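> Give the three-dimensional model of this entry:
(one chain, ligands or ions: 3)
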Amino acid sequence: MRATLSVPTVVRTIAELHARLDEYRAAAAAGTIGLVPTMGYLHEGHASLLRRSASENGFTVLSVFVNPLQFGPTEDLDRYPRDEERDRAVAAEAGADLIFMPSVSEMYPKRPLTTISLTGVTEGLCGASRPGHFDGVAIVVTKLFNLVRPDRAYFGLKDAQQLAVITQMAEDLNVPVEIVPCPIVREESGLAMSSRNVYLSPEEKSQALVLSRTLKRVPEWAAAGANAKELKERVRQAIEEQPLADIDYVEAVEYPSLAPLEDEKEAAKAGRVLVAVAVRFGKTRLIDNILLPQA
Ligand SMILES: Nc1ncnc2c1ncn2[C@@H]1O[C@H](COP(=O)(O)OP(=O)(O)OP(=O)(O)O)[C@@H](O)[C@H]1O
Ligand SMILES: CC(C)(CO)[C@@H](O)C(=O)[O-]
Ligand code: BAL
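Ligands and ions are numbered 1, 2, ... in the order given. This is a model prediction of the structure:
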């Protein structure tokens with residue numbers, strides 16, 4: 001049962017966050033708390049996570065925090081899109097009860113001396129092209145877990161590696177939170193929703209449709225017998241046909257271990273196969289993926 005249907009309260013400090021959570025816990029001893037961590041500039045992908053949380057928990061906390069520790073020195077931290085009014089409206093419509101929007105100094109009064117670093121799952125894909133990125137994600141997500149103490153936390157499969165990293169971390173560290181994977185939400189065109197889509201020019205956006213269009217064909221290629229290497233080659237070839245596409249990676253890995261799969265034997269042994277891409281269109285780096293077999 002939802003605690004309330006009213007407009008979510010916005011809190012900016014840890015003290016206010018704790019006060020609101022204490023109120024909820026005192027009023028609804030048996031109610032569960034769901035957490036949806038985001039970097040804001042909310043879209044329908046985020047809304048789907050919030051709706052899922054609101055349907056499964058008595059109280060849903062949305063966090064909006066552009067975490068500097070997960071950005072590399074040449075990445076887009078300074079221009080990352082922000083729109084608080086829009087975030088509040090999307091959060092209200094999707095059923096959030098509380099929005100935690102801390103400042104950088106509230107989250108990091110000092111630069112943390114602790115590192116949370118996973119091996120294996122962080123080594124390929126985005127971990128290889130964004131050194132330190134997942135250490136930054138792991139520390140902020142751990143802080144959010146400790147601050148909110150949610151029963152469940154919701155993450156999108158669009159960031160499949162992030163989901164695998166957080167799930168592994170929660171398991172390794174006995175974090176008492178159920179990590180709930182949520183499907184990728186796409187625009188009608190097929191483009192995976194992403195806050196960074198706003199950076200794309202009309203031409204870049206039109207060429208970026210090659211990602212979803214190509215990934216959609218992967219199940220049929222796999223069913224016809226293509227092995228992991230061939231799948232990667234086909235996907236790469238299709239993307240390379242778009243003149244504005246600058247490929248960062250095209251990978252086929254076992255999911256959720258993210259171990260590379262180079263041959264048919266390995267792929268046959270794998271439980272699920274993740275075909276994942278990261279591609280730049282102009283200055284915008286987009287990610288997308290497909291998980292086989294599909295749910
Ligand atoms: N299209 C989507 N479908 C499902 N979940 C999504 C989608 N886009 C983002 N999410 C999830 O929302 C959460 C917050 O992500 P984030 O705020 O980084 O949004 P984003 O749109 O992925 O931003 P960016 O453009 O920076 O990658 C993550 O768990 C992410 O996987
Ligand atoms: C999980 C997260 C909110 C941590 O900053 C971020 O990486 C994101 O938005 O996916
Ligand atoms: N959605 C992942 C956050 C990032 O790109 O930093």
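> is it true that Ser48 touches Val185?
Yes. Counting by C-beta atoms under 8 Å, Val185 is a contact partner of Ser48 at 5.0 Å. (Each C-beta comes from the backbone N, C-alpha and C, glycine too.)
> what do those two both touch?
Counting by C-beta atoms under 8 Å, 6 or more residues apart in numbering, the contacts common to Ser48 and Val185 are Gly156.
> which residue sits closest to Leu261, ignoring its sequence neighbours?
The spatial neighbour of Leu261 that comes closest, neighbours along the chain excluded (C-beta to C-beta, 6 or more residues apart in numbering), is Ala228 at 3.9 Å.
> And that neighbour, how far from Met107?
As judged by C-beta to C-beta, to the nearest Å, Ala228 and Met107 stand 39 Å apart.
> More neighbours: these two, which one.
Higher neighbour count among Ala228 and Met107: Ala228, with 23 against 20, using other C-beta atoms under 10 Å.
> neighbours around the residue in the stretch 151-295 of the chain that ligand 3 sits nearest to, how many?
Going by C-beta to the nearest ligand atom, ligand 3 is nearest to Asp159 of the stretch 151-295 of the chain, at 4.7 Å. The tally of other residues near Asp159 (other C-beta under 10 Å) stands at 19.
> where does the stretch 101-250 of the chain have low pLDDT?
Along the stretch 101-250 of the chain, the model assigns pLDDT under 70 to no residue.
> Wait, Arg152 touches Thr32, no?
Yes. Shown here, Arg152 and Thr32 form a contact pair, counting by C-beta under 8 Å, at 6.7 Å.
> shared neighbours of those two, anything?
Listed as contacting both Arg152 and Thr32 by C-beta under 8 Å, 6+ apart are Glu56, Asn57.
> Which one's more surrounded, these two?
Taking neighbours as other C-beta under 10 Å, Arg152 and Thr32 compare with Arg152 leading, 18 against 15.
> Determine the three-state secondary structure at the nearest residue to Ser53 once chain neighbours are set aside.
In space, Ser53 comes closest to Gly34 once its chain neighbours are excluded; the distance is 3.3 Å by C-beta to C-beta, 6+ apart. Here Gly34 is recorded as strand under DSSP: H, G, I helix; E, B strand; the rest coil.
> Near Gly34, how many other residues are there?
Neighbour number of Gly34 under other C-beta under 10 Å is 29.
> ok, and the closest non-adjacent residue to the residue of the stretch 151-295 of the chain closest to ligand 3?
Closest residue in space to Asp159, ignoring its immediate chain neighbours: Ile287 at 7.1 Å, by C-beta to C-beta, 6+ apart.
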